[in-house]
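Participant: Got a predicted structure here, sequence first:
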Amino acid sequence: MDLTGKMLIAMPGMTDTRFGNAVVFLCAHSPEGSMGLIVNKPTSDLKARDMFEQLSITIGPDARELPVYFGGPVEHGRGFVLHERGYNSAISTLNVNGDFAMTATLDILEDLADGRGPAKALLALGYAGWGPGQLEAELAQNGWLTCDADHELVFDIPDPDKWEAALARLGVSPLMLSSDAGRA
């Protein structure tokens with residue numbers, strides 16, 4: 001089972017509050033572990049322009065206003081950009097699948113600050129990570145649901161609505177879900 005490029009939807013009984021109502025885009029999933037970015041938890045006090053200034057990146061007149069997301073609790077000082085395919089960093093871009101890519105090098109931030117970056121992009125600090133078998137165990141304990149990822153869910157739906165929108169893609173209403181995890 002390869003969940004690379006899929007979305008994880010936190011169940012109501014998620015005990016780790018950092019993942020409460022989280023929607024996570026999985027950038028990598030293999031027997032060695034998993035890595036993803038939370039796509040519905042923007043930080044309240046940091047914007048892309050702040051990051052550009054902190055990194056001494058020149059902000060051009062075509063720079064877009066972009067929020068910065070809490071990507072997850074691992075390496076929260078490290079930045080990642082989840083974006084549409086078609087943009088490739090001169091240094092390194094991970095092509096996740098046919099629709100999405102992720103870049104974690106400074107050049108994408110320079111391009112975004114100059115208005116030359118990908119049209120659809122989500123900036124995140126930190127990531128969500130799982131060791132070998134850890135995510136599979138959480139899935140087996142009904143900690144997460146999974147659904148297909150699409151551009152609308154990741155980039156266009158307002159952040160407060162993404163969790164319910166992800167559930168709706170499965171035909172599930174939040175009212176139908178129990179906060180009790182486990183197996184019968």
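Facilitator: Here it is on my side, so go on.

Participant: and Gly36, how far is that from Leu153?
Facilitator: 14 Å (Cβ to Cβ, to the nearest Å). For the C-beta atoms, the positions are set from N, CA and C on the backbone; glycine is no exception.

Participant: again, but for Ala10
Facilitator: 15 Å.

Participant: now swap in Ala113 and tell me
Facilitator: 26 Å.

Participant: who has more neighbours, Gly36 and Leu153?
Facilitator: Neighbour count, other Cβ atoms under 10 Å: between Gly36 and Leu153, Gly36 has more, with 29 against 21.

Participant: Would you agree the more buried one is in contact with Gly72?
Facilitator: Yes: assessed by Cβ atoms under 8 Å, Gly36 is found in contact with Gly72 at 7.0 Å.

Participant: who touches both of these two?
Facilitator: 24, 127-129 (Cβ atoms under 8 Å, 6 or more residues apart in numbering).

Participant: now the helices for this protein?
Facilitator: 48-54, 106-113, 134-140, 151, 162-169 (DSSP state H).

Participant: Please name whichever of these is nearest to Met14.
Facilitator: Closest approach to Met14 among the helices of the chain is made by helix 134-140 (9.1 Å; Cβ to Cβ).

Participant: what about Tyr127, neighbour count?
Facilitator: Neighbours around Tyr127, by other Cβ under 10 Å: 24.

Participant: typed the wrong thing, it's Trp130
Facilitator: Counted with other Cβ under 10 Å, the neighbours of Trp130 add up to 18.
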